[in-house]
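1. Give the three-dimensional model of this entry:
(one chain, ligands or ions: 1)
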Amino acid sequence: MTQPQVVVHDTPELLAAAVAARLVTALVDAQAARGTASLVLTGGRTGTAVLEQLRDAPARDAVDWSRVDVFWGDERFLPAGHPDRNETQAREAFLDHVPVDPARVHAVAASDGRFGDDPDAAAAAYAEVLARAAGPGDHGPVPVFDVCLLGVGEEGHTASVFPDSPAVHETERTVVAVRNCPKPPPTRVSLTLPAIRASAEVWLLTTGAAKAGPVAMALGGADEVEIPAAGARGQRRTLWLLDHAAAGRTPGAAHPA
Ligand SMILES: O=C1O[C@H](COP(=O)(O)O)[C@@H](O)[C@H](O)[C@H]1O
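-> Residues are numbered from 1 along each chain as shown. Coordinates of the predicted model:
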C-alpha cells in the first residue's frame, strides 16, 4: 500500500482543471499499455467539477472513451434519473458528451430498478459486476482500477463509507448497502475500503475549508474507522488533490505562491 502524496492548487477551479488534465494522461497511458482503461467515478461537488472540466478540455479526445470501463465508488440509492444520483450527475456533466460504450458504463442499480427497493440486492449485483470485470491478472474479485476517484466528506467519509459505520468494518465484501447515512440520502451502495485498495491509483479530491479538518486528520495518520478517507490507498499511488482551503490545516502541505 502506498503512502499519500499531496498536491495543492490555489483554487477549486484550478484543482478541477488540473485533475482533468491528470486524468487524460493517466487514461491515455493505460490505453497505450493495455488497450483499455478503467476509471472509478465519485459523486460530490469536486468530482462533478472535474468531469465538467474534462468535458470542456480539448485534450479529452486523446482518450478513446469507447475503451474506458466506467464504475462508481458509491451511489445514492434513488430512482433512475433522480438528480441526486451520482450516475445522473456524471452523465450530465460528462458521460453524455463523449462516445463511451454503454456496455462499459457500469452503474449501480437504481431503487426502482431490477432489484426493487433492496439496496442489499443492488450491492450484491454490483459486486458481481466487479467480479466479472476482473481479469485473471487482477488476482481478486475486483479489477485493478487504473484510477479510482474519491471525494471526502466533512466528517471524513469517502465513497459512502462513513465513520464507525458497518461499512468501514467490512473486510470481506467488495460492495455493501449503506443505511442511515448522516448525509442525505440515507440509503446508498458503496465500494468498501478493501475494494478501493485494489486500485492502482487512488485520487482523493476535495476543496474548501470545511474539509480541512478531516484532510489533516487523514494525512496525520487517523484510524480509518474514525476517518474512512485515511484508509483509501492505491497499490501504485495515493494522491490527495486539494485546494488551498482544504489543505489549510495540514502541516507542511505545499501550495503555489
Ligand atoms: O455524498 C457524497 O459525498 C461525497 C463528498 O461530496 P462533496 O460534495 O462534499 O465533494 C462524495 O465523495 C460521494 O461520492 C457522494 O456520494
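2. Just give me the neighbour total for the residue of the stretch 151-257 of the chain found nearest the ligand.
-> Proximity of the stretch 151-257 of the chain to the ligand (CB to the nearest ligand atom) peaks at G151, 2.2 Å away. Where C-beta positions appear, they are placed from N, C-alpha and C, glycine not excepted. As a burial measure, G151 scores 23 neighbours (other CB atoms under 10 Å).
3. any idea what sits nearest it, other than its immediate chain neighbours?
-> G44 (3.7 Å; CB to CB, 6 or more residues apart in numbering).
4. Can you check what pLDDT the model gives the one you found?
-> The confidence metric pLDDT takes the value 95 at G44.
5. you'd agree it is up against L149?
-> No. Counting by CB atoms under 8 Å, G44 sits too far from L149 to count as a contact (9.7 Å).
6. Same drill for those two, tell me which one is more crowded.
-> L149 (26 against 22).
7. For the longest helix seen in the chain, name the packing helices and strands.
-> Secondary structure of the chain read by DSSP state H shows that its longest helix is helix 12-34. Other elements packing on helix 12-34 under the criterion 3 or more CB pairs under 8 Å, 6 or more residues apart in numbering; DSSP states H and E are strand 4-9, strand 37-41, helix 45-56, strand 147-150, strand 201-206, strand 237-243.
8. So which of the ones you listed is nearest D138?
-> strand 37-41 (9.9 Å; CB to CB).
9. On the three-state scheme, V189 is what?
-> strand (DSSP: H, G, I helix; E, B strand; the rest coil).
10. show me what contacts it?
-> 74-75, 77, 108-109, 119, 122-123, 126, 160, 175-178 (CB atoms under 8 Å, 6 or more residues apart in numbering).
11. Quick one: buried ones out of these?
-> Buried members of those, counted by 16 or more other CB atoms under 10 Å: 74-75, 77, 108-109, 119, 122-123, 126, 160, 175-178.
12. Please tell me how far A134 sits from W72.
-> Distance, A134 to W72, by CB to CB, to the nearest Å: 16 Å.
13. Show me which of the two is the more surrounded one.
-> Set side by side, A134 and W72 show more neighbours around W72, with 24 against 17, by other CB under 10 Å.
14. is it true that the more buried one touches E87?
-> Yes. The criterion here is CB under 8 Å, and W72 meets it with E87 at 6.6 Å.
15. before we move on, back to that, name the residues of the longest helix of the chain that are buried.
-> Here helix 12-34 shows 12, 14-17, 19-20, 22-24, 26-27, 30-31 as buried, counting by 16+ other CB under 10 Å.
16. overlap in contacts of W72 and E87?
-> With CB under 8 Å, 6+ apart as the test, W72 and E87 both reach A107, V108.
17. returning to what we had before: next, format the contacts of V189 as CSV and append pLDDT, distance to V168 and secondary structure.
-> Listed next are those as CSV, based on pLDDT from 0 to 100; distance: CB to CB, whole Å; DSSP: H, G, I helix; E, B strand; the rest coil:
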residue, pLDDT, distance to V168, secondary structure
D74, 98, 13, strand
E75, 98, 18, strand
F77, 98, 18, coil
V108, 98, 19, coil
A109, 98, 23, coil
P119, 98, 17, helix
A122, 98, 20, helix
A123, 98, 15, helix
Y126, 98, 18, helix
S160, 98, 10, coil
V175, 98, 14, strand
V176, 98, 10, strand
A177, 98, 14, strand
V178, 98, 10, strand
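18. near the ligand, from the residues you listed?
-> D74, S160 (CB under 6 Å from any ligand atom).
19. coming back round to it: confidence score at the residue of the stretch 151-257 of the chain closest to the ligand?
-> 98.
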